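**Student:** I'll drop the sequence and a predicted model, then ask my questions.
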Amino acid sequence: MLVWRHGSTLQPCKCPLCRRHISLLVPSEDTIRDRNDATVKEVLGNLETYNRLFGGRSSSLVQRMQDLPFLLRRLLREMMDPQRTLPLVIRARVYIAMILSAVYIISPIDIIPEGVLGVVGLLDDLLIALICFLHVAALYRSVLYFRHAGS
């Protein structure tokens, strides 16, 4: 936040490790628990401002794939934690997407059959799994955006 405040507040910060633009800041669990502290409240206010300005931008496919491990790990942790609440509609959409992609991957009917093309036939299964994971991550990213952008 200090780097963003010190530089230009009209463009997002760049990650010091990978030099990509940071499009969404997510507070840690400890920060959320201590939200009544004055300094934490100020940081969370700055975080909401940053997310409101830069969190809703569209990102490239490469950016989405790089964000995939973080978002899926955090989603899984949130779904397993009884203390956290994920909206029922989002939870249902996640389950439906995962079940439908699993059914397609397991079923013998494919767009590119494995029996005819061998290993190349597995590409459609991998593509369906990737699309499913990207869809689920986009759903969870929208939840995080609305939760941490002050909306």
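**Tutor:** Nice, thanks for sending it over.
**Student:** give me the domain ranges for this protein.
**Tutor:** What the TED database lists as the domains of the chain is 1-84, 85-150.
**Student:** what average pLDDT does the first one get?
**Tutor:** Within the predicted structure, the mean pLDDT of domain 1-84 is 76.
**Student:** ok, residues contacting stretch 28-41?
**Tutor:** The contact list for stretch 28-41, computed with Cβ atoms under 8 Å, 6 or more residues apart in numbering, reads 43, 44. The way it works is simple: take the backbone N, C-alpha and C, and place the C-beta from them, glycine included.
**Student:** what's the biggest helix in the chain, counting residues?
**Tutor:** helix 123-148 (DSSP state H).
**Student:** take the domains of the chain and write them to JSON lines, including mean neighbour count.
**Tutor:** Converted to JSON lines, the domains of the chain look like this (neighbours: other Cβ atoms under 10 Å):
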{"stretch": "domain 1-84", "mean neighbour count": "13"}
{"stretch": "domain 85-150", "mean neighbour count": "14"}
